[in-house]
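>>> attaching a predicted model along with its sequence, questions to come.
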Amino acid sequence: MKIAKQAAVVGIGATPYYRRGESHPQTFNELICKAIINATEDAGLSVKDIDGFSYYSFGTDTGLLMESLGIPEVRYSSMVSGGGGGSVGAVQNAAMAVATGAANVVVVPFCMQQPTGKRYGSIMSQIDPTPDKAFFMAGGLVGPGHFFAMLAKRHMHQYGTRREAFCEVAMSTRENAITRPGARFQKALTKEEYFAGPMIADPLCRYDFCLENDIAGALIITSAERAKDLKQRPAYVLNGEQGGRREWGRSIAWMNMPDEYFASAGHASIAKHLYADVGITAADVDVALLYDHFSPMVVMQLEDYGFCARGEGGAFVEDGNIRFKGGSIPVNTHGGNLSEAYAVGITHMIEGVQQIRGTATNQVKDAEIALVTGGPASLPVSGLLLSR
Amino acid sequence: MSNEVFAKAPPDELFQLEVDTWTQPYWDAAKDHQLKLPKCGDCQQYCELGASHCRHCRSQNISWVEHSGSGKVYSFTIIRFPVIPSLQDSVPYVPAVIELDGVDGLKLISNVVDAPLSEIEIGSAVSLRWHDREDGVSLPRFTLAK
């Protein structure tokens, strides 16, 4: 994408981070409105300045939001297809919209709210049967963890990755959550606890799974020029990329990836474009906010994004490289989906902005470039570089 | 008999079959206990299961060729925790990706059933085992090859 630093994230906002199902009786759009109001206040803008909406993972109804927020006119409204894979693609779309002048102030809103009595962890048993889904539904794959377990198993087989690596992802992420007010887990996780955790879907145990929360969050994106006059230090959109390779395709819903893709996060082509367009490498990234729905997918993203070689992700994390304190590339400094909260990527984006502002709880010193990723999932997947 | 734990199977009620033009031949063949795979009648390469066109040449001349069902476990997981109540009597069961022999790496998502959990490994040879449901749908499943 050739619009480096023409747009910036200037506002962030969120609701409290509720445990799953506990945000009721507030409604879905009510939560989104609250997050948007918070984000505009953070930016020093009026809600009425918003003239664009950029969604991901099924989004919501722009007209309904305008009714509650009193937004007079919208000139851009779009959504990245697919689910959590495209999360940060919505920021890329927003940046493109303001860089081209299609809109002036674009909001990226997201809300996750669990219906009472159902849970995201069994989502595949709640979706309508379709002809394409029959091939995996027949196999009794009920929750996302069941699918990703098979990618993790293959990675272990192909590269000798050990459960100790997944344990280190869980422990280091937990350590980051401890200092975060509002994080779901604020007590250190020990290796003993990890290995004593019940096996849910071999090789994934309880601590390899992300949380389930009710959260709405929002980011405000405007032009670099306008960003200069606003309240916060701008987090410039250095680059964004969404899509991916056919060999990854529908990934877990398909499972026909060839060897080099199967035991990966499907982000290698995203990383290639993300870096090459702006002439950087993984070594230039100061902090990585990697979508951690399952701990092994952090290991595989580290490989896809070039922080280590293919197959060496396990040893790389076991050597302490992703630790906030002393790691070569601090990962998920907010406690991630594993220990802080899960809301399909919005919490990673908020942390990325805070790292660039220099206001993060676990601030990486002088962080100039933050990588934020969408979920390893069916295409499109996405990546985002934020910079000072 | 040892204390060996065997892989069970997911419950039938988890899944209701929906078909369309391009998956109907697969499920029709399954009723006759034939595993049929889509192959392009023009360029003779295997196509994606359920695709309306051959991805290699865009032809819609898709033929369905029978496969023996012999293959290898490409990856698998053991579901031990019943994330929804209806799984209670079915755990442990083993979803698996099966790489079928001689079809350019084409893989099926299925289950390894009726096999000791400790003997299921990536690379294990498997053979076909049909599961006939009460609603008339037959599912190809796999067990460790003798």
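Noted; the coordinates are in hand.
>>> all strands for chain A, in order.
A:7-14, A:18-19, A:52-55, A:76-79, A:105-112, A:199-201, A:204-205, A:213-223, A:235-243, A:287-289, A:369-373, A:381-387 (DSSP state E).
>>> packing partners for the first one?
In terms of contacts (3 or more Cβ pairs under 8 Å, 6 or more residues apart in numbering or on different chains; DSSP states H and E), strand A:7-14 is packed against helix A:28-43, helix A:89-99, strand A:213-223, helix A:224-227, strand A:235-243, helix A:346-357. For the C-beta atoms, the positions are set from N, CA and C on the backbone; glycine is no exception.
>>> give the rounded mean pLDDT of the fourth one.
Translated: helix A:224-227. Helix A:224-227 shows an average pLDDT of 98 in the prediction.
>>> what is the neighbour count of the closest residue to chain B within chain A?
Using Cβ to the nearest Cβ, the single residue of chain A nearest to chain B is A:G140, 2.5 Å away. In terms of burial, A:G140 registers 26 neighbours under the definition other Cβ atoms under 10 Å in any protein chain shown.
>>> what of B:P92?
19.
>>> can you check A:E318 too?
The local packing of A:E318 (other Cβ under 10 Å) involves 18 other residues.
>>> wait, it touches A:R162, no?
Yes. When contacts are counted by Cβ atoms under 8 Å, A:E318 is listed as touching A:R162 (7.3 Å).
>>> list the contacts of the closest residue to A:E193 other than its chain neighbours.
With Cβ to Cβ, 6 or more residues apart in numbering or on different chains as the criterion, A:E193 has its nearest non-adjacent residue at 7.5 Å, and that residue is A:Y207. For A:Y207, the contacting residues are A:167, A:170, A:189, A:193-194, A:197, A:295, A:338, by Cβ atoms under 8 Å, 6 or more residues apart in numbering or on different chains.
>>> show only the entries of those residues found in helices.
Cross-referencing the contacts of A:Y207 against helices under DSSP state H gives A:167, A:170, A:193-194, A:295.
>>> quick one, strands of chain B?
Secondary structure of chain B (DSSP E): strands at B:35-40, B:62-67, B:71-76, B:94-100, B:107-112, B:125-132, B:138-144.
>>> and the last one, how far from the chain's centre?
It refers to strand B:138-144. For strand B:138-144, the separation from the chain centroid amounts to 6 Å (computed by Cα atoms, centre = their mean, to the nearest Å).
>>> same thing with the first one?
Centroid displacement of strand B:35-40 relative to its chain, using Cα atoms, centre = their mean, is 13 Å.
>>> how close does A:E192 sit to A:F166?
Using Cβ to Cβ, to the nearest Å, A:E192 is found at 15 Å from A:F166.
>>> these two - which one has more neighbours?
Taking other Cβ under 10 Å, A:E192 and A:F166 do not tie; A:F166 has more neighbours (28 against 8).
>>> name the nearest residue to that one, ignoring sequence neighbours.
Looking at A:F166 with Cβ to Cβ, 6+ apart, the closest residue is A:S295, at 4.4 Å.
>>> tell me how many other residues crowd the one you found.
Residues near A:S295, counting by other Cβ under 10 Å: 30.
>>> swap in A:K231?
Counted with other Cβ under 10 Å, the neighbours of A:K231 add up to 11.
>>> my guess is it meets A:G44, correct?
Yes. Applying Cβ under 8 Å as the test, A:K231 and A:G44 come out as touching, 3.4 Å apart.
>>> circling back to that earlier point, and the ones in helices among the contacts of A:Y207 as CSV, adding pLDDT?
Listed next are the ones in helices among the contacts of A:Y207 as CSV, based on pLDDT from 0 to 100:
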residue, pLDDT
A:C167, 98
A:A170, 98
A:E193, 98
A:Y194, 98
A:S295, 98
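>>> what's the most distant pair in those?
A:E193 and A:S295 (14.1 Å; Cβ to Cβ).
>>> where in chain B is pLDDT low?
Applying pLDDT under 70 to chain B flags the ranges B:1-2.
>>> tell me the residue of it that sits nearest chain A?
B:P10 (2.5 Å).
>>> any idea what the residue nearest to the spatial centre of chain B is bridged to?
Among the residues of chain B, the one closest to the centroid is B:S110, at 3.6 Å (Cα atoms, centre = their mean). Judged by DSSP bridges, the bridge partners of B:S110 are B:A96.
>>> which residues touch it?
Counting by Cβ under 8 Å, 6+ apart, B:S110 makes contact with A:138-139, B:95-96, B:98, B:139-142.
>>> among those residues, who's most crowded?
Tallying neighbours with other Cβ under 10 Å puts B:A96 at the head of those, with 32 neighbours.
>>> tell me how far that residue lies from A:V80.
32 Å.
>>> so where's the stretch 101-250 of chain A shaky on pLDDT?
Using pLDDT under 70, the flagged stretches of the stretch 101-250 of chain A are A:117-118.
>>> what residues does it have near chain B?
With Cβ under 8 Å from any Cβ of the partner chain as the criterion, the stretch 101-250 of chain A comes near chain B at residues A:119, A:121-122, A:125, A:129-143, A:146, A:149-151, A:153-154, A:157, A:198-204.
>>> swap the cut-off to 6 Å and go again
With Cβ under 6 Å from any Cβ of the partner chain as the criterion, the stretch 101-250 of chain A meets chain B at residues A:121-122, A:125, A:129-132, A:134-143, A:146, A:149-150, A:153-154, A:157, A:199-202.
>>> which among the residues you listed end up buried?
A:121-122, A:125, A:131-132, A:134-143, A:146, A:149-150, A:153-154, A:157, A:199-202 (16 or more other Cβ atoms under 10 Å in any protein chain shown).
>>> next, count neighbours for residue 69.
Went with chain A since none was named. When neighbours are counted by other Cβ under 10 Å, A:L69 registers 18.
>>> looking at chain B here, not the other one
Here the count is done by other Cβ under 10 Å, and B:G69 has 22 residues near it.
>>> any idea how far it lies from B:L14?
Relative to B:L14, B:G69 is positioned 22 Å away (criterion: Cβ to Cβ).
>>> quick check, pLDDT for the residue at the greatest distance from the centre of chain A.
The centre of chain A is farthest from one residue, A:P72, which by Cα atoms, centre = their mean lies 30.5 Å away. pLDDT, the model's per-residue confidence, is 98 for A:P72.
>>> and it, what are its phi and psi?
Reported as degrees, to the nearest 10, the phi and psi values for A:P72 are phi -70, psi -40.
>>> how much space between the residue lying closest to it once chain neighbours are set aside and A:G13?
Once flanking residues are discounted, A:P72 sits nearest to A:K48: 6.1 Å by Cβ to Cβ, 6+ apart. The gap separating A:K48 from A:G13 is 16 Å, by Cβ to Cβ.
>>> looking at the two, which one has more neighbours?
Under the criterion of other Cβ under 10 Å, the comparison of A:K48 against A:G13 puts A:G13 first, with 22 against 13.
>>> tell me who's in contact with the more buried one.
A:G13 sits next to A:35, A:38-39, A:42, A:218 when contact means Cβ atoms under 6 Å, 6 or more residues apart in numbering or on different chains.
>>> show me which pair in these is furthest apart.
In these, the most distant members under the criterion Cβ to Cβ are A:A35 and A:D42, with 10.4 Å between them.
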